[in-house]
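In: Fold the following and give me the result.
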Amino acid sequence: MRTDSSPGNLPAREHLPAGDAGTPVLDVVIPVYNEEKDLQPCVLRLHEHLKRTFPYAFRITVADNASTDTTPQVAARLESEIPEVRSFRLEQKGRGRALRTVWSASDAPILAYMDVDLSTDLNALLPLVAPLISGHSDLAIGSRLSRSSRVVRGAKREFISRTYNLILRGSLQARFSDAQCGFKAIRRDVAQVLLPLVEDTGWFFDTEMLVLAERAGLRIHEVPVDWVDDPNSTVHIVKTATDDLKGVWRVGRALATGSLALDRLARPFGDDPRDRDLTDVPKGLARQLVGFCVVGALSTLFYLLLYSGFRSFSGSQVANALALLVSAVANTAANRRLTFGVRGRGGAVRHQAQGLVVFGIGLALTSGSLAALNAATTSPSHSTELAVLIAANLAATVLRFLLFRAWVFPDRRDDTPSSSQVVTSHNPASPTYSTAQHHSVAQHAQAGHPPLPQRPTAPQSSYDTYDTAQFRAGEAADRTWGDSTMQLQAVRPHDHDHDPRNAR
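Out: Numbering: from 1, shown residues only. You can find the predicted model right below:
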């Protein structure tokens with residue numbers, strides 16, 4: 001996705017550096033509400049599993065959203081007893097709100113979450129995050145609807161889940177198989193840009209995040225999971241379903257109107273140098289030609305209908321001018337959105353003005369053809385007029401495509417300087433997680449690395465702030481991204497040859 005005003009914020013994906021003993025690579029968030037009985041067994045089981053199987057440093061964060069029982073005390077006790085556990089308290093309910101706030105404040109490059117009931121087999125956790133660590137994918141989800149998944153749950157929940165996903169496929173053209181499985185992960189550099197676009201604060205948060213990511217062209221990895229339904233789940237199915245349907249309508253309307261800035265999520269095709277060194281090769285030409293032809297065919301039919309209608313009460317020249325004017329405005333709008341992928345209202349007036357210039361050229365061609373026909377024949381038949389107009393419009397169409405591509409909607413992605421680093425800005429005024437394993441800028445400089453460039457921050461908007469004894473997430477809730485700075489570098493097969501630790 002792109003627009004003419006934004007080249008995109010995401011660099012090419014890179015493999016996370018191996019063997020870094022600083023900031024935890026994975027931060028697993030467990031959102032809870034009144035889970036005093038299940039929280040401790042969940043955290044202990046997850047911690048034991050990660051200690052035994054996960055080859056990187058990790059953190060477990062309990063995100064308590066306005067519990068009214070002893071859940072906050074249980075979380076605080078776990079934090080004091082287990083070094084890898086952190087607790088966070090929100091005074092407002094909403095799983096989506098809890099995830100966005102904690103993910104925003106986390107300094108781990110891979111962010112995940114799972115439900116407290118641990119319905120999903122933990123053996124799927126490493127396959128879930130591995131594609132994100134390697135740089136292959138942007139998001140990862142567990143799927144209970146995959147053919148190889150093994151699921152134990154009642155017929156009612158099975159029907160609701162499959163119906164909901166069919167609704168997503170039919171209304172939002174979603175291609176991921178399971179939107180609501182509480183087992184997901186995302187790269188932090190993607191979350192920095194994607195989360196500010198997600199409005200929902202409840203159960204629809206997952207779906208909205210996945211739909212926007214998919215529409216922006218990000219890669220979503222699906223992992224088949226073994227899943228056992230929790231019969232004591234406190235989720236209100238009817239209310240959740242109603243809220244989800246409202247969210248589907250809201251997101252569908254936003255996508256239809258182009259009001260979402262999905263171009264901010266644009267990412268290079270890959271990190272292979274062969275993809276960057278190609279010059280003088282048009283990007284997306286085949287797709288644009290197909291889209292332009294489809295729009296052109298529909299516009300031609302629309303134009304002919306308009307011409308026939310106007311011709312019933314006016315002369316051929318007036319009917320042609322009016323029909324061409326109306327169809328040209330519609331054609332420019334359709335090509336802007338569908339063929340060249342320009343979203344939002346920015347530059348729409350300028351594009352229509354340039355489209356009218358192109359319309360003038362088409363008008364000259366078609367009007368000239370009609371004038372030549374009238375000069376050759378005193379009273380041409382209506383079918384002859386239509387045939388001449390079709391031929392003239394074909395010539396005008398070729399010229400229109402060239403002008404649209406080179407002048408009205410030029411591809412400016414090549415103007416963006418490529419970067420192989422993912423760096424976030426650091427705001428010392430807003431502390432984040434208090435951890436002894438903090439990889440600071442000063443430590444980076446002492447290690448002899450070059451200075452770190454600053455990454456552009458996401459737009460700010462007002463959002464409630466929340467204080468905790470461990471860290472303050474106000475900056476994250478305000479959707480500013482002041483985290484500890486981390487440099488992610490590509491790992492190449494030959495790097496180990498230069499590692500001094502390999503010296504014999």
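
In: For the stretch 401-504 of the chain, which residues score under the pLDDT cut-off?
Out: Screening the stretch 401-504 of the chain residue by residue with the criterion pLDDT under 70, one finds the ranges 411-504.

In: D229 touches G154, doesn't it?
Out: Yes - taking Cβ atoms under 8 Å as the contact criterion, D229 and G154 are neighbours in contact, 6.4 Å apart. Where C-beta positions appear, they are placed from N, C-alpha and C, glycine not excepted.

In: Pick out whichever of those two has more residues nearby.
Out: Neighbours were counted for D229 and for G154 using other Cβ atoms under 10 Å; D229 has more, 15 against 10.

In: Poorly predicted segments of the stretch 1-150 of the chain, please.
Out: Regions of the stretch 1-150 of the chain meeting the criterion pLDDT under 70 cover residues 1-9, 17-22.

In: How about the stretch 251-400 of the chain?
Out: Counting by pLDDT under 70, the ranges of the stretch 251-400 of the chain that qualify are 264, 266-284.

In: run the last query once more with 80
Out: Per-residue confidence of the stretch 251-400 of the chain (counting by pLDDT under 80) places the weak regions at 258-287, 341, 343-346, 359, 362-363, 378, 393, 396-397, 400.

In: and the next element down the chain from the longest helix that the chain contains?
Out: Ranked by residue count under DSSP state H, the longest helix found in the chain is helix 348-376. Counting by DSSP states H and E, the element after helix 348-376 in chain order, helix or strand, is helix 382-403.

In: relative orientation of that following helix and helix 348-376 in degrees?
Out: 140 degrees (axes from the mean of the first three to the mean of the last three Cα atoms, to 10 degrees).

In: Quick one: distance of stretch 186-195 to the chain centre.
Out: Computed by Cα atoms, centre = their mean, to the nearest Å, the separation of stretch 186-195 from the middle of its chain amounts to 8 Å.

In: average pLDDT across that stretch?
Out: Average pLDDT, stretch 186-195: 92.

In: With only the CA atoms kept, save that stretch in PDB.
Out: The C-alpha trace of stretch 186-195 is given here as PDB (Å, rounded to 0.1, in the frame of the first residue of the first chain):
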ATOM      1  CA  ILE A 186       3.900  -9.300  16.600                       C
ATOM      2  CA  ARG A 187       7.200  -7.700  15.900                       C
ATOM      3  CA  ARG A 188       7.700  -4.500  17.900                       C
ATOM      4  CA  ASP A 189       8.700  -2.400  15.000                       C
ATOM      5  CA  VAL A 190       5.400  -3.300  13.300                       C
ATOM      6  CA  ALA A 191       3.400  -2.700  16.500                       C
ATOM      7  CA  GLN A 192       4.900   0.800  16.800                       C
ATOM      8  CA  VAL A 193       3.200   1.800  13.500                       C
ATOM      9  CA  LEU A 194       0.200  -0.600  13.500                       C
ATOM     10  CA  LEU A 195      -1.300  -0.200  17.000                       C
END
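
In: Might you report the residue contacts of the residue nearest the centre of the chain?
Out: In the chain, the C-alpha closest to the average C-alpha coordinate belongs to A213, at a distance of 2.4 Å (Cα atoms, centre = their mean). For A213, the contact set (Cβ atoms under 8 Å, 6 or more residues apart in numbering) comprises 138-139, 190, 194, 220, 265.

In: Tell me how far it lies from L262.
Out: With distances taken as Cβ to Cβ, to the nearest Å, A213 is found 9 Å from L262.

In: next one: T378
Out: Summarising the geometry, the distance separating T378 from L262, computed by Cβ to Cβ, is 56 Å.

In: How about F401?
Out: Here F401 is placed at a distance of 24 Å from L262 (Cβ to Cβ).

In: And for V238?
Out: From V238 over to L262 the distance is 32 Å, taken as Cβ to Cβ.

In: okay, those two: which has more neighbours?
Out: Here V238 and L262 are compared on neighbour count by other Cβ under 10 Å; more neighbours surround L262, at 25 against 8.

In: Now do the same contact list for that one.
Out: Shown here is L262, whose contacts under the criterion Cβ under 8 Å, 6+ apart are 1, 197, 212, 215-216, 343.

In: How many residues are close by V211?
Out: Residue crowding around V211 was assessed by other Cβ under 10 Å; the count is 27.

In: just V74 next, same as before
Out: Other residues within reach of V74 by the criterion other Cβ under 10 Å amount to 22.

In: Likewise for P127?
Out: Using other Cβ under 10 Å, the number of residues around P127 comes to 14.

In: On the three-state scheme, the nearest residue in space to it that is not next to it in sequence is what?
Out: The spatially closest residue to P127, leaving aside those adjacent along the chain, is V223, at 5.0 Å (Cβ to Cβ, 6 or more residues apart in numbering). On the three-state scheme (DSSP: H, G, I helix; E, B strand; the rest coil), V223 is labelled strand.

In: what about V223, distance to L394?
Out: In this structure, V223 and L394 are 50 Å apart, going by Cβ to Cβ.

In: Compare neighbour counts for the two and give me the winner.
Out: For the pair V223 and L394, the greater number of neighbours falls to V223 (24 against 12), based on other Cβ under 10 Å.

In: Quick check, that one in contact with R144.
Out: No - with contact defined as Cβ under 8 Å, V223 does not count as touching R144 (10.5 Å).

In: Give me the common contacts of those two.
Out: Looking at what touches both V223 and R144 (by Cβ under 8 Å, 6+ apart), there is no common residue.

In: Identify each buried residue in stretch 163-170, please.
Out: Buried positions in stretch 163-170, judged by neighbour count with 16 or more other Cβ atoms under 10 Å: 164-165, 167-168.

In: Columns distance to T384 on top of those, output as JSON lines?
Out: JSON lines is the format used below for those (distance: Cβ to Cβ, whole Å):
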{"residue": "Y164", "distance to T384": "56"}
{"residue": "N165", "distance to T384": "54"}
{"residue": "I167", "distance to T384": "51"}
{"residue": "L168", "distance to T384": "51"}
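
In: Let me see the ranges of the helices in this protein.
Out: Remark: helices of the chain, listed N- to C-terminal, are 39-53, 71-81, 95-105, 125-134, 155-172, 188-194, 205-215, 237-257, 285-311, 316-334, 348-376, 382-403, 441-446, 474-477; assignment by DSSP H.

In: Including distance to A179, could the ones you listed go into TSV?
Out: Formatted as TSV, the entries for the helices of the chain read as follows, by distance: least, Cβ to Cβ, whole Å:
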stretch	distance to A179
helix 39-53	23
helix 71-81	26
helix 95-105	13
helix 125-134	16
helix 155-172	6
helix 188-194	15
helix 205-215	4
helix 237-257	9
helix 285-311	27
helix 316-334	30
helix 348-376	32
helix 382-403	38
helix 441-446	38
helix 474-477	24
